[in-house]
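Q: Structure, please.
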Amino acid sequence: MAEAPPTGTSRQGSNVAQASSALLLTEIVSSDGSLAPGLRAVYENQHIDADQFMDKLDGYARRIDEDVEKVCSRNYQGFVDSVQELLHLNPHADDLKLSISDCKDNLKDAGDHLYHHANELCKERRKQRDILAILEALAVCRPAIALFGQARRQLADKRSYAALKSLQALESMELLQRSSFLFIQKIRQQIPHIRAQIKEDSFDDMRTFLSDARLRSEALGSLTIKESQGQETQPETAASKRAQVAAAQVDYSPLYRCLHTCEVLGVVHECAAYYKQERQKQAELVLRPSSTMDSETTYRQYFHSVAGFFIAEHVVATTTQGLTTRQWLDSLWQQALTSIGKVMKQQLARCSTASMIREVKQLIVDFNATLNAHTYSVNRLTDVLLQVRSRYQAVLVVAASEAFKAILAEDNYTQITVDDPAAYDKVIELYPYPDKVFAELPCPKTFPFSWAVPRLYAEVRQFVDMSYQFLESIGLSNTEVDEMLRQSTNHLLSKVLSAILTQTVRNQKLPVQLLTQVSLNTTQLETACEVLEQYITSTTKSVGNQVHATQLHGKLTFKDARSAAEDGIFESLQQQIDLFFELAEYDWAPEEPTDEASDYLVQMLSYLSTMFGSLRHMPTAVARAAYFNTCKYIGSQLLGLVSAPEIKKVNMNGIKSFAVDVATCEAYANDNQVVDQADQLFTDVFVHLRELVDVFLNEDWDKFCEPNVRRQYYPHLKPEIALSWLEKFDDSDKGSLFSRTMGENRRKAKHVESIIKRLRAGIAA
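A: Predicted coordinates for the structure are as follows:
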């Protein structure tokens, strides 16, 4: 079967395959690299038959080999000649190689040297460029660097304010804000630290001032107080005075520098807060004593230190602004006044010396005047002074009370007799006895008081003088001083002297004569109170006693002491009366009556007459009271004998004998020299005994048994007393009250029984 001729399409594909094969073959032959890409393209091309391509490649290789063989055959001799020439050139090639190697080495060395110098030259040129740039920058930054260095030097020299001004000038430079140089950045970083250091140095200045002010506060206060007094308290040499002034000179300049610097830094509030805090601590230390204040020197140091502290504060407040305020200073001052009051109360409680307390008072007065001159309110210091005065008065009272006890213990309670004017003047020097008539009497003469009166008066006058020494310079008027003196003197007289007198009288068990003199002494002490009032008025120079609300209560002051003395007199007399009554022996039913008084009664009344004779110098009221109480006591004792249960029988003879004793007592009551005979009080002191014996002697039972009639005729006799005798009455053997016939006895017995019944019925009613 004949092969069909190729169509147009198949012919076109054959041409493409041949063209592709020819192109790939050319690439493979002319390629100097790897053949893999070309071979891969052959196998991957769909239009190329790999076998046919390999056949073409083999054919091309055979043609190349044929061409090479032809060339070699044609040029062989020339090749041989060339080889021979090359062999001849071999030694020259070795020499050339050596020369080239040497040249290479020399060239390398020269290049290295040139490279090194080129690098050095580049470095030096860079340095030169940098140096020029630095010089240019330094020329621009030189003012800032100079200011920074200046600030550092000033800071090192402790010139904080100057350093701060340099720093402000440095901060105001525009360069410092825009420059990116490292040293400028370092300067910017150092500025806050320098400011902090300036602030710390300024606070160091403040601390220096605080320390100096604390150390010099005592000297400052001492000097200022002396200057305020207008004179030196003691002579001083010029050198010692200069030393004192130098010690008191507080240097305020560190504080002013600190405040000025803090104003520039803008930390005035912090500065003021720190200053107030530290001064508050110092104030607490100054106001709290470090040890017990047991001498005038320690009190002086305390007040001088406090005064120096507040004087320095006054200077600071008046010479600065923004550091302290008047409100803060007043608050600190009020705290100080409270502390001073507490310290004085605690420390003076241990003080028992009046002279030291007066020194403390004077220190407070000087302190008061000095601080008042520096515009501090010192009203509360008056309260402190009054508090000190209370302690002072307590010390004076204790000393006076001891003196009173010693005077009374040493007194002999005997009236003072002076034999000549010198002795009289000695007494008057202690106590200006106001009796002008007595003063005109010639010597010898006897004062109506013992040595206790002038010595007690002198002691009270000394108390007044010492009290006045405290009050005279504390800013009170004469009238106020007078009132206080009178009040304190009244307290001494009424609460101390009167109590000691009373206690002395009650504890010493003095006899009647001495008790009488004690009573007389109290009377004279009352008179001495009037003299003492005049002395107080003359001492205080007040206008007169009539304007004073307080008077010396003389009569009231010694009332208890006088009462104790009078009670002692009465008690002593009563004890003696009891001793006499122990001797009393009554026969209530004797066979015969007696017309003489009992022996014990006669002896007792004789003793009492002698005793009352020694009371002639006593005030009439006291003598009357003593005499009346004695008579009344005798009456009560006699009435006790009448009512004694030991009595078994009473007859008319016994009653008549007892009536003699009653009459003797009545005569004694009426005849004693200390009593006015017309005094009905003493006439009736034994009336109840008189009525008792009269009702039996007069057989007046009808009147006595009738209550209304009895009140008229026998008002003082109690029915119980008469009944006690009537029940024991037995007079059957004697012709008296009732008839003795048997019939009459029975009738009278019934009558007695009826009287007894009537009395009992009246008593029961």
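Q: Going by C-alpha atoms from here, please, whenever you check contacts or count neighbours.
A: Will do.
Q: Break down the stretch 251-400 of the chain into its helices, ranges please.
A: 253-265, 268-287, 296-319, 326-348, 354-373, 379-410 (DSSP state H, counting those that start in this stretch).
Q: between those, which one is nearest to Ala597?
A: helix 379-410 (43.0 Å; Cα to Cα).
Q: Pull out the buried positions in that closest one.
A: 381-382, 384-385, 387-389, 391-397, 399-401, 403-405, 407-408 (16 or more other Cα atoms under 10 Å).
Q: can you check stretch 621-636 too?
A: So for stretch 621-636, counting by 16+ other Cα under 10 Å, buried means 622-624, 626-636.
Q: So what's the gap between the helix or strand Thr523 falls within and the chain middle?
A: Assigned by DSSP states H and E, Thr523 falls within helix 512-540. Relative to its chain's centre, helix 512-540 lies at 42 Å (Cα atoms, centre = their mean, to the nearest Å).
Q: Next: stretch 603-614.
A: 65 Å.
Q: got it, and stretch 346-360?
A: 16 Å.
Q: Likewise for stretch 636-654?
A: 75 Å.
Q: Quick check: mean pLDDT of that stretch?
A: Stretch 636-654 shows a mean pLDDT of 83.
Q: residues making contact with it?
A: 581, 587-594, 689, 696-697, 721, 724-725, 728-731, 736-737 (Cα atoms under 8 Å, 6 or more residues apart in numbering).
Q: okay, how far is it across it, tip to tip?
A: Terminal residues of stretch 636-654 lie 19 Å apart, using Cα to Cα, to the nearest Å.
Q: All further residue positions should be reported with the first residue as 8.
A: With 8 as the first residue, the last one maps to stretch 643-661.
Q: Give the buried residues for that stretch.
A: 643, 645-646, 648-650, 654, 656-661.
Q: May I see these organised as JSON lines, with distance to Thr529 and secondary structure added?
A: Shown next, in JSON lines, are the buried residues of stretch 643-661 (distance: Cα to Cα, whole Å; DSSP: H, G, I helix; E, B strand; the rest coil):
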{"residue": "Ser643", "distance to Thr529": "30", "secondary structure": "helix"}
{"residue": "Leu645", "distance to Thr529": "34", "secondary structure": "helix"}
{"residue": "Leu646", "distance to Thr529": "35", "secondary structure": "helix"}
{"residue": "Leu648", "distance to Thr529": "38", "secondary structure": "helix"}
{"residue": "Val649", "distance to Thr529": "40", "secondary structure": "helix"}
{"residue": "Ser650", "distance to Thr529": "40", "secondary structure": "coil"}
{"residue": "Ile654", "distance to Thr529": "46", "secondary structure": "coil"}
{"residue": "Lys656", "distance to Thr529": "51", "secondary structure": "coil"}
{"residue": "Val657", "distance to Thr529": "49", "secondary structure": "strand"}
{"residue": "Asn658", "distance to Thr529": "51", "secondary structure": "coil"}
{"residue": "Met659", "distance to Thr529": "51", "secondary structure": "helix"}
{"residue": "Asn660", "distance to Thr529": "50", "secondary structure": "helix"}
{"residue": "Gly661", "distance to Thr529": "47", "secondary structure": "helix"}
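Q: can I get these in JSON lines with distance to His99?
A: Below are the buried residues of stretch 643-661 laid out as JSON lines (distance: Cα to Cα, whole Å):
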{"residue": "Ser643", "distance to His99": "187"}
{"residue": "Leu645", "distance to His99": "191"}
{"residue": "Leu646", "distance to His99": "191"}
{"residue": "Leu648", "distance to His99": "192"}
{"residue": "Val649", "distance to His99": "194"}
{"residue": "Ser650", "distance to His99": "192"}
{"residue": "Ile654", "distance to His99": "196"}
{"residue": "Lys656", "distance to His99": "202"}
{"residue": "Val657", "distance to His99": "203"}
{"residue": "Asn658", "distance to His99": "206"}
{"residue": "Met659", "distance to His99": "208"}
{"residue": "Asn660", "distance to His99": "208"}
{"residue": "Gly661", "distance to His99": "204"}
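Q: Sort out which one of these lies nearest Gln342 for me.
A: Ser643 (71.5 Å).
Q: what's the spacing between that closest one and Leu336?
A: From Ser643 to Leu336 the distance is 80 Å (Cα to Cα).
Q: ok, now Val36?
A: 116 Å.
Q: Looking at these two, which is more packed in?
A: Per other Cα atoms under 10 Å, whichever of Val36 and Leu336 has more neighbours is Leu336, with 17 against 13.
Q: For Leu162, give me the pLDDT.
A: Looking at Leu162, the pLDDT reads 72.
Q: That one: which element?
A: Judged by DSSP H and E, Leu162 forms part of helix 97-163.
Q: Past that helix, which element shows up next along the chain?
A: Taking DSSP H and E, what comes next after helix 97-163 is helix 167-178.
Q: What residues of that next one count as buried?
A: So helix 167-178, judged by 16+ other Cα under 10 Å, has buried residues 167-171, 173-175, 177-178.
Q: Report the angle between that helix and helix 260-272.
A: 20 degrees (axes from the mean of the first three to the mean of the last three Cα atoms, to 10 degrees).
Q: other SSEs contacting helix 167-178?
A: helix 97-163, helix 189-236, helix 260-272 (3 or more Cα pairs under 8 Å, 6 or more residues apart in numbering; DSSP states H and E).
Q: so where's the stretch 658-772 of the chain uncertain?
A: Low-confidence segments of the stretch 658-772 of the chain (pLDDT under 70): 679-690, 738-756, 758-759, 772.
Q: Of the buried residues of stretch 628-643, which is the nearest to Ile584?
A: Comparing the buried residues of stretch 628-643 against Ile584 with Cα to Cα places Ile641 closest, at 7.4 Å.
Q: what's the closest one in contact with, if anything?
A: Ile641 touches Ile584, counting by Cα under 8 Å, 6+ apart.
Q: So it belongs to a helix, correct?
A: Yes: counting by DSSP: H, G, I helix; E, B strand; the rest coil, Ile641 is part of a helix.
Q: where does the stretch 508-657 of the chain have low pLDDT?
A: 515, 550-564, 567, 621-626.
Q: Tell me where it has helices.
A: Going by DSSP H, counting those that start in this stretch, the stretch 508-657 of the chain shows helices at 519-547, 561-564, 566-588, 606-620, 627-649.
Q: Of all these, which one comes closest to Phe470?
A: Closest among the helices of the stretch 508-657 of the chain, once you apply Cα to Cα, is helix 519-547, at 11.0 Å.
Q: Of all the residues in that closest one, which ones are buried?
A: Within helix 519-547, the residues scored as buried using 16+ other Cα under 10 Å are 519, 521-540, 543-544, 546-547.
Q: sorry, back to before: make CSV out of the helices of the stretch 508-657 of the chain and add distance to Tyr383.
A: Below are the helices of the stretch 508-657 of the chain laid out as CSV (distance: least, Cα to Cα, whole Å):
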stretch, distance to Tyr383
helix 519-547, 30
helix 561-564, 44
helix 566-588, 49
helix 606-620, 70
helix 627-649, 61
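Q: And Tyr282, what's its pLDDT?
A: 91.
Q: go on, Ile194?
A: 69.
Q: what about Ser209, neighbour count?
A: When neighbours are counted by other Cα under 10 Å, Ser209 comes out with 26.
Q: what's it in contact with, if anything?
A: Ser209 touches 167, 264-266, 268-269, counting by Cα under 8 Å, 6+ apart.
Q: go on, Arg295?
A: With Cα under 8 Å, 6+ apart, Arg295 has these contacts: 346, 350.
Q: ok, it to Tyr614 distance?
A: On the measure of Cα to Cα, Arg295 and Tyr614 end up 71 Å apart.
Q: And Lys63, by the same measure?
A: In terms of Cα to Cα, Lys63 sits 197 Å off from Tyr614.
Q: can you pull the buried residues of stretch 46-53?
A: Val49.
Q: where's Thr360 relative to Asp301, distance?
A: Applying Cα to Cα, the value for Thr360 to Asp301 is 10 Å.
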